[in-house]
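In: predicted model and sequence below, questions to follow.
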Amino acid sequence: MSLNKIRSLLQKQRRSVEFVGCSLLLFIFLKLVHQILTSNCCSALQTLPKTVDMTFLDPPFNQQKDYALHDDDMSEADYWAMMKNVCQAICNVTNNGGSIYFMQREKNTEFVLRILRETGWEFQNLIIWKKRTSAVPVKGKYGKQYQVIVYATKGERAKTFHRLRINPPSPAHFKVPRENGVFVTDVWDDIRELTSGYFAGDEALRTADGERFHKQQSPLALLLRMILTSTNVGDTVLDPFAGTGTTAVTAWQTGRKSISIEIDPNNAECIKSRLKNLREADNIQKYYRDYTCTEDLAEIWGSEWDAPVQRKTKNLELFSATG
């Protein structure tokens, strides 16, 4: 059975019944279209064919975080040697004109730019993700309120770049309302991070006792902007440090394919559960109105395909299985 046939049958089932769990058909579709590789990313990347159209690279930042299966206290030389190997391997499996979004701490911008340049990537933009949260106070310095995301392409130009338009509130000094929004720039100040503790909202995954399952979980809105900009329906999105699978969950709902590489079996099970039982909190349709000023939005978004949503959001009992 072809993927298009499975997609068509799933769409009919979505209209006829409320999904409670994962049907066999959905299980087959997810296995074929959304790969989850429980492995060290350096090893897994060597096994992939050249099919990737976009990568979101959000690695551990070497900040002595407590990861189950990763040493986050490497020497600076070893850490950046590892990241160079990762960037080279991603470039090798990326289609010509494909893109990468490499997120890092602002103090590491120089390292990121150099490594991307040395591994075959062409710099396009330094995106400033200004978080809609309180700045982190730093003694003797300005408070930190942003992260950098380096956008680069394999080749001089991107094969896909949709110029998205958003319509944020007009600045106070604007006298006339905008008629058609504004193009997204390289400063993203309209996407809130998932803060620590209970201020992160319903989107943050939690364990049965209410604790955060993964404190570095990326927001859906961040991945949605990258995927809508740099891919088309049917393209393949890669996340080599997949964590809780936000990239795959967003790709799934926009008709893109995904490859998630995650070394921690618990996180890999979390990704599977998020895909099979899509929570209301993970439903991206609430962001559609943010982009309605964008030309050909329905085609870019993949509106003909709606992933089945589990209407009742539960705590993370489903994600307690080990690999």
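Out: Here it is on my side, so go on.

In: can you map out the helices along the stretch 1-150 of the chain?
Out: With DSSP state H, counting those that start in this stretch as the definition, the stretch 1-150 of the chain shows helices at residue ranges 3-16, 24-33, 41-45, 76-92, 109-118.

In: out of those, which gets the lowest mean score?
Out: Per-segment confidence across those bottoms out at helix 3-16, which has a mean of 51 in mean pLDDT.

In: quick check: mean pLDDT across stretch 141-159?
Out: Confidence for stretch 141-159, expressed as mean pLDDT, is 94.

In: measure that stretch end to end?
Out: Its start and end residues considered, stretch 141-159 measures 40 Å (CA to CA, to the nearest Å).

In: same thing with stretch 149-169?
Out: End-to-end distance (CA to CA), stretch 149-169: 24 Å.

In: can you pull the buried residues of it?
Out: Along stretch 149-169, the positions that meet the burial threshold by neighbour count (16 or more other CB atoms under 10 Å) are 149-154, 158-160, 162, 164-167. Every C-beta, even on glycine, is put in place using the N, C-alpha and C of the backbone.

In: out of these, flag the one nearest to residue 93.
Out: Distances from the buried residues of stretch 149-169 to residue 93 were compared by CB to CB; the smallest belongs to residue 154, at 10.1 Å.

In: how far away is the closest one from residue 50?
Out: Residue 154 is 10 Å from residue 50, where distance means CB to CB, to the nearest Å.

In: next one: residue 203
Out: When CB to CB is applied, the distance between residue 203 and residue 50 equals 33 Å.

In: and for residue 178?
Out: With CB to CB as the criterion, residue 178 and residue 50 are 42 Å apart.

In: more crowded one of the two?
Out: residue 178 (13 against 10; other CB atoms under 10 Å).

In: and the more buried one, what does it touch?
Out: Residue 178 makes contact with 167, 170, according to CB atoms under 8 Å, 6 or more residues apart in numbering.

In: in three-state terms, label it for me.
Out: At residue 178 the chain is in coil, as set by DSSP: H, G, I helix; E, B strand; the rest coil.

In: what score does the closest residue to residue 61 other than its chain neighbours have for pLDDT?
Out: Across the structure, with CB to CB, 6 or more residues apart in numbering as the measure, the residue nearest residue 61 apart from its sequence neighbours is residue 105 (5.5 Å). At residue 105 the predicted local confidence, pLDDT, stands at 90.

In: go on, residue 310?
Out: On the pLDDT scale, residue 310 is placed at 53.

In: do a quick rundown of the strands in this protein.
Out: In order along the chain, the chain carries the following strands (DSSP state E): 34-38, 52-57, 94-104, 122-130, 146-153, 165-166, 182-183, 187-188, 236-239, 257-262, 278-279, 309-310.

In: turn the ones you listed into TSV, columns for distance to residue 136.
Out: Written out in TSV, the entries for those read as follows (distance: least, CB to CB, whole Å):
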stretch	distance to residue 136
strand 34-38	33
strand 52-57	22
strand 94-104	16
strand 122-130	13
strand 146-153	10
strand 165-166	26
strand 182-183	28
strand 187-188	18
strand 236-239	25
strand 257-262	27
strand 278-279	29
strand 309-310	34
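
In: for residue 66, which of those strands is the nearest?
Out: With CB to CB, the closest approach to residue 66 among the strands of the chain belongs to strand 257-262: 16.6 Å.

In: so what touches that closest one?
Out: By CB under 8 Å, 6+ apart, the surrounding residues in contact with strand 257-262 are 33-39, 41, 44-45, 48, 52, 234-243, 245, 247-248, 251-252, 268, 271.

In: by how many degrees do it and strand 34-38 diverge?
Out: With axes from the mean of the first three to the mean of the last three CA atoms, to 10 degrees as the basis, strand 257-262 and strand 34-38 are set at 10 degrees to each other.

In: strand 257-262 vs strand 52-57, what angle?
Out: Using the same axes, to 10 degrees, the interaxial angle of strand 257-262 with respect to strand 52-57 works out to 40 degrees.

In: so what angle separates the directions of strand 257-262 and helix 76-92?
Out: 160 degrees.

In: may I have the beta-bridge partners of residue 146?
Out: Beta-bridge pairing of residue 146 under DSSP bridges involves residue 130.

In: wait, it touches residue 131, no?
Out: Yes. Under the contact definition of CB atoms under 8 Å, residue 146 touches residue 131, with a separation of 6.4 Å.

In: between these two, which has more neighbouring residues?
Out: residue 131 (19 against 16).

In: tell me who's in contact with that one.
Out: Contact analysis of residue 131 by CB under 8 Å, 6+ apart lists 145-147, 191-193.

In: low pLDDT regions in the stretch 101-250 of the chain?
Out: Counting by pLDDT under 70, the stretch 101-250 of the chain contains low-confidence residues at 134, 195-201, 205, 208, 210-215.

In: nearest approach to residue 295 belongs to which of the strands of the chain?
Out: Shortest distance between residue 295 and those, using CB to CB, is found for strand 165-166: 7.6 Å.
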